[in-house]
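# kindly return the folded structure for what I paste below:
(one chain, ligands or ions: 1)
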Amino acid sequence: MEILRSIVIVIHLIGFATLFGAWIVEATSGRREITKLMHWGLAIALVAGLALAAPWGVDGDMNYAKIGTKLVVVIAVGALLGIGGGRQKRTGSVPAAIFWLTGILTLLNASIAVLW
Ligand code: HEM
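Okay, here's the model as predicted:
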């Protein structure tokens, strides 16, 4: 059970790496677009995160305040990707605030995971 949980954590981290990595590529290339990879990364991190939110393969108590906060932040990132992606289709570009907030909130969630 513990090994299975560890595998799901790795999948969760792959989701984070995909979302944040795709965002870093856009930020540093100057394109600043919302890409398909970002959506995939978010979906992977969300599904694996929800699986990890259930108390299997752990001995101690779960920190549900932390998990709930991460869920709220992830929903905000999803909304930004949706709104930003829609704007991009219509106008050809993503508002700067939406693009930068996407990366900042993703990093915030990783920081909450590690520091809280
Ligand atoms: C973009 C979104 C997310 C990012 C960047 C992220 C990042 C991370 C990172 C870096 C870890 C490893 C921390 C460590 O082992 O010390 C982690 C663990 C975890 N995440 Fe997330 N996460 C995200 C979304 C979520 C969501 C939506 C949930 C649940 C609703 C969630 C639930 C968890 C849980 C329960 C763990 C702990 C696993 C364990 O140690 O048993 N995460 N997350």
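# contacts and neighbour counts: CA atoms only from here.
Noted.
# so is Ala54 in a helix, a strand, or just coil?
Under DSSP: H, G, I helix; E, B strand; the rest coil, Ala54 falls in the coil class.
# tell me how many other residues surround it.
Here the number of neighbours of Ala54 (other CA atoms under 10 Å) works out to 11.
# what's the answer for Leu52, then?
19.
# centroid-nearest residue for this protein?
Leu42 (4.4 Å; CA atoms, centre = their mean).
# which ones are touching the residue of the chain found nearest the ligand?
The chain approaches the ligand most closely through Gly49 (3.5 Å), counting by CA to the nearest ligand atom. With contacts defined as CA atoms under 8 Å, 6 or more residues apart in numbering, Gly49 is in contact with 9, 12.
# redo that, cut-off 6 Å
With contact set as CA atoms under 6 Å, 6 or more residues apart in numbering, Gly49 has no partners.
# can I get the CA coordinates of the strand or helix carrying it in PDB?
In this structure, Gly49 is located in helix 36-52 according to DSSP states H and E. Provided in PDB are the C-alpha atoms of helix 36-52 (Å, rounded to 0.1, in the frame of the first residue of the first chain):
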ATOM      1  CA  LYS A  36      -2.300  22.100 -23.900                       C
ATOM      2  CA  LEU A  37       0.500  20.700 -21.700                       C
ATOM      3  CA  MET A  38      -0.500  23.100 -18.900                       C
ATOM      4  CA  HIS A  39      -4.000  21.600 -19.000                       C
ATOM      5  CA  TRP A  40      -2.700  18.100 -19.000                       C
ATOM      6  CA  GLY A  41      -0.300  18.900 -16.100                       C
ATOM      7  CA  LEU A  42      -3.100  20.400 -14.000                       C
ATOM      8  CA  ALA A  43      -5.400  17.400 -14.700                       C
ATOM      9  CA  ILE A  44      -2.700  14.900 -13.700                       C
ATOM     10  CA  ALA A  45      -1.800  16.800 -10.500                       C
ATOM     11  CA  LEU A  46      -5.500  17.200  -9.600                       C
ATOM     12  CA  VAL A  47      -6.500  13.500 -10.100                       C
ATOM     13  CA  ALA A  48      -3.300  12.200  -8.300                       C
ATOM     14  CA  GLY A  49      -3.800  14.900  -5.600                       C
ATOM     15  CA  LEU A  50      -7.400  13.800  -5.000                       C
ATOM     16  CA  ALA A  51      -6.300  10.200  -4.700                       C
ATOM     17  CA  LEU A  52      -3.600  11.200  -2.100                       C
END
